[in-house]
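Asker: need a 3D model of the sequence below.
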Amino acid sequence: MEKLPELVTTHWYVAVAILAISIVSALLKLSISVFHTHEEWFVRRGFKRLLLLKKHVNADSPIAGFLNKRIEEESFALASGIRTSVEKSKMLVKLYQLDFMTNAQLKRVVDNLQPAGDKIKFELSRFEKFEVIYSFWASLFLMGGSIMLGILILVGNLNWLGILASLATMVTAYLLVTRFIGLDFQKYKTIYFCWQMLEAQDLVANPDFKITTRFVYTPNYHE
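Answerer: Numbering: from 1, shown residues only. Below you'll find the model as predicted:
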């Protein structure tokens with residue numbers, strides 16, 4: 001039987017491809033996560049300043065109305081983790097009150113929804129569709145490659161070390177897919193889920209918009 005170092009040497013191209021996809025995707029998603037954490041800290045600080053300012057402004061002043069609107073914006077940002085306009089926050093609140101989406105799902109799709117009167121307009125650019133295709137196939141490749149590599153490691157080292165190395169390979173790939181690489185595909189599924197649910201209630205402002213993406217699996221949530 002092949003030993004672990006020999007397997008890695010023989011099948012180096014699989015390991016290199018998996019590592020390259022993992023590192024690039026992880027760095028991109030990690031940088032976005034750090035940005036959002038930093039932004040949330042500024043939201044809390046800004047909210048406290050607005051409340052302090054309101055205490056020193058005449059209630060009949062035009063500035064008071066401006067401060068109330070800004071406080072409403074920041075209140076929604078703190079409650080939901082979503083920083084957006086008052087108009088869009090009202091749309092998201094109404095959507096949340098329909099009881100088929102969670103706050104986490106709203107955070108995924110907020111950039112792809114626009115208020116249009118009593119309805120909601122959906123947007124999904126060509127570049128975003130490309131990201132969905134990459135996310136879907138990179139996830140499949142990473143999971144398939146890690147399973148194949150894990151089996152090869154296990155076959156070549158049928159002992160506790162081989163079992164642990166095999167499991168570590170597959171679990172690492174699973175975490176990378178669910179936490180980083182597969183996020184754009186998960187976002188796409190959430191957008192399509194929201195679109196189907198709202199379309200059934202005649203709440204989609206652009207029902208003829210082609211929201212589905214080719215070359216990826218798109219579930220049907222009405223079945």
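
Asker: so how far is stretch 105-115 off the chain centroid?
Answerer: Chain-centre distance of stretch 105-115: 11 Å, with Cα atoms, centre = their mean, to the nearest Å.

Asker: what average pLDDT does it get?
Answerer: Stretch 105-115 shows a mean pLDDT of 95.

Asker: distance between the ends of it?
Answerer: Criterion Cα to Cα, to the nearest Å; first-to-last residue distance in stretch 105-115 is 17 Å.

Asker: contact partners of it?
Answerer: For stretch 105-115, the surrounding residues in contact (Cβ atoms under 8 Å, 6 or more residues apart in numbering) are 80-82, 84, 87-88, 90-92, 95-96, 120-124, 128, 186-187, 190-191, 193-194, 205. Glycine gets a C-beta too; all of them are placed from N, C-alpha and C.

Asker: mind showing which ranges of the protein have poor pLDDT?
Answerer: Along the chain, segments meeting pLDDT under 70 span 1-43, 223.

Asker: could I get the full set of helices for it?
Answerer: 4-10, 12-55, 62-80, 86-96, 103-109, 126-156, 160-176, 183-200 (DSSP state H).

Asker: okay, these in JSON lines with distance to Phe209 next?
Answerer: Converted to JSON lines, the helices of the chain look like this (distance: least, Cβ to Cβ, whole Å):
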{"stretch": "helix 4-10", "distance to Phe209": "47"}
{"stretch": "helix 12-55", "distance to Phe209": "26"}
{"stretch": "helix 62-80", "distance to Phe209": "25"}
{"stretch": "helix 86-96", "distance to Phe209": "17"}
{"stretch": "helix 103-109", "distance to Phe209": "14"}
{"stretch": "helix 126-156", "distance to Phe209": "12"}
{"stretch": "helix 160-176", "distance to Phe209": "32"}
{"stretch": "helix 183-200", "distance to Phe209": "8"}
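
Asker: for these, which one sits closest to Arg214?
Answerer: Of all the helices of the chain, it is helix 126-156 that lies closest to Arg214, at 7.8 Å by Cβ to Cβ.

Asker: mind listing what's buried along that closest one?
Answerer: 128-129, 131-136, 138-143, 145-146, 149-150, 152-154, 156 (16 or more other Cβ atoms under 10 Å).

Asker: give me the buried entries from the contacts of stretch 105-115.
Answerer: Buried, going by 16+ other Cβ under 10 Å: 80-82, 84, 88, 91-92, 95, 120, 122, 124, 128, 186-187, 190-191, 193-194, 205, out of those.
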